[in-house]
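Peer 1: below: sequence and its predicted model.
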Amino acid sequence: MSAPALARQRRRPDQWGSAVSSGHGAGTVGTGVGWCVVTASFGDLRHAIRVLRSLAPDAKALDPPEPATALRERADAVAAAHSL
């Protein structure tokens, strides 16, 4: 499974380890200055979610939508568990 993602420039694409197959451009991409688009290779959806979660908030899944949805649901569950 290959998927495009945004990575903050403060976290260099080489810090993603073997998941990153190539980096493309830099600068103003998607949500603002300081992001670069990388194409990452993952074993499957579960692997993609684990890698992206470990890089949060310095990485965002672009496509397919399933990793972003799973990460958002997990964040909501954590926030709910810690709300007063």
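Peer 2: Cool, got the structure.
Peer 1: who are the packing partners of the helix or strand in which residue 51 is found?
Peer 2: Assigned by DSSP states H and E, residue 51 falls within helix 45-55. Applying 3 or more CB pairs under 8 Å, 6 or more residues apart in numbering; DSSP states H and E, we find helix 45-55 packed against strand 2-8, strand 59-61, helix 65-81. C-beta: built from backbone N, CA, C; applies to glycine.
Peer 1: return the most buried member of these.
Peer 2: strand 59-61 (a mean of 21; mean count of other CB atoms under 10 Å).
Peer 1: average pLDDT across stretch 2-22?
Peer 2: Mean pLDDT, computed over stretch 2-22, is 60.
Peer 1: nearest to residue 53, out of the helices and strands packed on helix 45-55?
Peer 2: Closest approach to residue 53 among the helices and strands packed on helix 45-55 (CB to CB): helix 65-81, 6.0 Å.
Peer 1: other SSEs contacting that closest one?
Peer 2: Helices and strands touching helix 65-81, by 3+ CB pairs under 8 Å, 6+ apart, are helix 45-55, strand 59-61.
Peer 1: try it again with 10 Å
Peer 2: Contact here means 3 or more CB pairs under 10 Å, 6 or more residues apart in numbering; DSSP states H and E; on that basis helix 65-81 packs against strand 2-8, helix 45-55, strand 59-61.
Peer 1: what comes up buried for the longest one?
Peer 2: It refers to helix 45-55. 48, 49, 51, 52, 55 (16 or more other CB atoms under 10 Å).
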